[in-house]
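Engineer: 3D model of this:
(one chain, ligands or ions: 2)
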Amino acid sequence: MNKKYAIGVDYGTQSGRAVLVDLSNGEELADHVTPYRHHVMDEELPSGVKLEHDWALQHPQDYIEVLERSIPEVLRITGIAPEDVIGIGIDFTACTMLPVTAEGTPLCFLEQHIDNPHAWVKLWKHHAAQPEADALNEVAAARGEKWVRRYGGTISSEWMLAKTWQILNEAPSIYEEADKFVEAADWVVGQLTGTIVRNSCTAGYKSNWHKQEGYPSEAFFKALDPRLEKLMSTKLRGAVLPLGAKAGELTETMAAKIGLQPGTAVAVGNIDAHAAVPAVGVVTPGKLVMAMGTSICHLLLGEEEREVEGMCGVVEDGMIPGYYGYEAGQSAVGDIFEWFVEECVPAYARREAEEAGENIHVYLTRKASELKPGQSGLLALDWWNGNRSVLVDTNLTGTMLGLTLLTKPWEMYRALLEATAFGTRKIIEAFHTNGVNVDELYACGGLPQKNKLLMQIYADVTNREIKIAASKQTPALGSAMFGAVAAGSAKGGYDSIVDAAKKMARVREETFKPIAEHVAVYNRLYEEYVALHDYYGRGTNEVMKRLKEIKAKASE
Ligand SMILES: Nc1ncnc2c1ncn2[C@@H]1O[C@H](COP(=O)(O)OP(=O)(O)O)[C@@H](O)[C@H]1O
Ligand SMILES: O=C(CO)[C@@H](O)[C@@H](O)COP(=O)(O)O
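Structural biologist: Ligands and ions are numbered 1, 2, ... in the order given. I've put the predicted structure just below:
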């Protein structure tokens, strides 16, 4: 048998990328990134229709463009014969959802809906369904719904139920016309195979599906809103297939467009961060994987189902079969650094960066590394896009304390790096104190490759050694592994993700180890972080929410 390969396609927030992987050793032979032509639409639709606050949409055509550009490109670069590519796997941000017709056509592709924001893809970070999420949480609490405990006690506005209900409330005609609401992960897989099937990972973490119990009851949905009673058996209907299963095979039409063989195995979709877990070789408990990019997802395996404050969810077989997969997260990390770089860097710093031939992140990081922990005198809360864990509150906002007339931009940049590390420590402590051990840290995603100072700060703040993924495209590698499992060993792939991980997963030799003096200073700063976190985040002072209200009134 010739050497066999698989392609993993990872859909991030700003771009999608394909990676072609050698199945014998996990070596990534080529990767190609296609940025989304329409980016994140958070101010207006392509037609110019304005969006309200907290909206974040995407264009489904951009997802197809990733397949059509990046897959032929990795084949061209490597010269590998399409018949030797035996599987494809897809991972996606989630819950990134869209309404589709019975044929699977996105409603936003239809002329009559083009100007309706609700017809478009709602990106994971679309936070405008917060009123629905609040009502969902109230009703669930009043009814004593036990399933909510698997989600840290709170349902997020980022998830399927809140987003779907927002559509029903604000655009009932779109709700009616949608044959189904689907995760973008499942929609793209459906574009490849011709049939949409749901995957257990997004269904479990984002649509509150449970392997034994299924979806929450109709009685719950009826109590929410009588129009939602049959939501699960109508608009969210469809078989839920486990990770590693084959969703179907590549259609003739799609094969011709992307340069692969018709009949190639396509794995069921996955969440981007979750696909990274086997790709760094994590197939047992105690090892926290941090997928670090625009946001951070924290992923951990456990032997049993436990309750942890503010976790995003625990799903049986949600990452690796045989274990409970725990997820927590921070809804902005790289995004906060980007905000700072775009909105807060003075002209003199930009000039200096340009003279040094550095991009602003690199310049600010170099200057920030000259500071010792604590030396900036600053402390920030990392809530620029709300707090996902452990407070689960998208209405919280960012803050920085300790500013003076002498504060420099790189000091502020460092305080933001540190704030995100404190947020991660809070999450680790929530797991640890609830009996889900965190013994080792693994990092993957764009940030560990871009910023060593950030990784050292994380090691110092958490007082744990951090191993770094060898892959530059870890979720895509994980997806390729799932593609190989969908193909199976008879075709040259693998029969389980654990087998695939043994052969294909890798971490770098270089690790980041905590430095004792830094740990001591950060322990003190972390105490202050927790005090501030609880003061603004647990109801002592609701000023952040009052400011939002005042702002909303003033913008009417
Ligand atoms: N040198 C850097 N240091 C810290 N953050 C950076 C640096 N360069 C880019 N970023 C941030 O990285 C984020 C993108 O991360 P990446 O993992 O590539 O994307 P995604 O989350 O879309 O997969 C952006 O939010 C950007 O602000
Ligand atoms: O919410 C999840 C996973 O649960 C992610 O898809 C979301 O945070 C987006 O991740 P990225 O930072 O774009 O990789």
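Engineer: what residues does the protein put near ligand 2?
Structural biologist: Contact residues, the chain versus ligand 2 (C-beta under 6 Å from any ligand atom): 12-13, 93-94, 124, 205, 271-273, 291, 293-295, 297, 327, 329. The way it works is simple: take the backbone N, C-alpha and C, and place the C-beta from them, glycine included.
Engineer: now, among these, which is nearest to Val345?
Structural biologist: Among the residues of the chain next to ligand 2, Thr294 lies closest to Val345 (C-beta to C-beta), at 19.1 Å.
Engineer: the closest one is in contact with Gly334, isn't it?
Structural biologist: Yes - using C-beta atoms under 8 Å, Thr294 is in contact with Gly334, at 4.8 Å.
Engineer: Glu52: what secondary structure?
Structural biologist: Following DSSP: H, G, I helix; E, B strand; the rest coil, the label given to Glu52 is coil.
Engineer: apart from its chain neighbours, what residue comes closest to it?
Structural biologist: Nearest residue to Glu52 in three dimensions, chain neighbours excluded: Ala128, at 6.3 Å (C-beta to C-beta, 6 or more residues apart in numbering).
Engineer: now do Lys426
Structural biologist: Nearest residue to Lys426, sequence neighbours excluded (C-beta to C-beta, 6+ apart): Val390, at 6.0 Å.
Engineer: any idea which helix is longest in the protein?
Structural biologist: helix 409-433 (DSSP state H).
Engineer: relative to ligand 2, how far out is the residue nearest to Val507 when sequence neighbours are not counted?
Structural biologist: Take Val507 and drop its neighbours on the chain: the residue closest to it by C-beta to C-beta, 6+ apart is Lys467, 4.6 Å away. Lys467 sits 19 Å away from ligand 2, going by C-beta to the nearest ligand atom, to the nearest Å.
Engineer: next up, the contacts around the residue of the stretch 351-500 of the chain found nearest ligand 2.
Structural biologist: Closest contact between the stretch 351-500 of the chain and ligand 2, by C-beta to the nearest ligand atom, is at Gly445 (6.3 Å). Gly445 makes contact with 276, 290-293, 296, 469, 474-475, according to C-beta atoms under 8 Å, 6 or more residues apart in numbering.
Engineer: after the host helix or strand of Gln449, heading C-terminal, what element do we hit next?
Structural biologist: When elements are assigned from DSSP states H and E, Gln449 belongs to helix 446-450. Going down the chain from helix 446-450, the next helix or strand is helix 452-462, by DSSP H and E.
Engineer: packing partners for that next one?
Structural biologist: Where contact means 3 or more C-beta pairs under 8 Å, 6 or more residues apart in numbering; DSSP states H and E, helix 452-462 is packed against helix 360-369, helix 409-433, strand 440-444, helix 446-450, strand 466-469, strand 507-512, helix 516-537.
Engineer: what residues sit buried inside that helix?
Structural biologist: Of all the residues in helix 452-462, those buried under the rule 16 or more other C-beta atoms under 10 Å are 453-462.
Engineer: now the buried members of the residues of the chain next to ligand 2.
Structural biologist: Burial by neighbour count, 16+ other C-beta under 10 Å: within the residues of the chain next to ligand 2 this picks out 12-13, 93-94, 124, 205, 271-273, 291, 293-295, 297, 327, 329.
Engineer: any residue of the longest helix of the chain touching ligand 1?
Structural biologist: No - using C-beta under 6 Å from any ligand atom, helix 409-433 stays clear of ligand 1, with a minimum separation of 7.4 Å.
Engineer: look up how far Pro514 lies from the residue nearest to Val507.
Structural biologist: 13 Å (C-beta to C-beta, to the nearest Å).
Engineer: these two: who's more crowded?
Structural biologist: Lys467 (22 against 18; other C-beta atoms under 10 Å).
Engineer: okay, and the beta partners of that one?
Structural biologist: Tyr442, Thr511 (DSSP bridges).
Engineer: OK, contacts around it?
Structural biologist: 280, 440-443, 507-508, 511.
Engineer: same thing with Gln473?
Structural biologist: 8, 10, 17, 19, 28, 31.
Engineer: make a markdown table out of those residues and add pLDDT, neighbour count and distance to Ala490.
Structural biologist: Below are these laid out as a markdown table (pLDDT from 0 to 100; neighbours: other C-beta atoms under 10 Å; distance: C-beta to C-beta, whole Å):
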| residue | pLDDT | neighbour count | distance to Ala490 |
| --- | --- | --- | --- |
| Gly8 | 98 | 34 | 21 |
| Asp10 | 97 | 31 | 27 |
| Arg17 | 97 | 21 | 29 |
| Val19 | 98 | 27 | 24 |
| Glu28 | 97 | 21 | 24 |
| Asp31 | 96 | 21 | 28 |
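Engineer: phi, psi for the residue in the stretch 451-556 of the chain that ligand 1 sits nearest to please.
Structural biologist: The stretch 451-556 of the chain approaches ligand 1 most closely through Asn451 (3.6 Å), counting by C-beta to the nearest ligand atom. Reported as degrees, to the nearest 10, the phi and psi values for Asn451 are phi -140, psi 100.
Engineer: which pLDDT value goes with Val266?
Structural biologist: In this prediction, Val266 carries a pLDDT score of 98.
Engineer: close to ligand 1: what parts of this structure are there?
Structural biologist: Counting by C-beta under 6 Å from any ligand atom, the chain comes close to ligand 1 at 12-14, 293-294, 334-335, 337-338, 361-362, 365, 445-447, 450-451, 454.
Engineer: alright, calling it a day.
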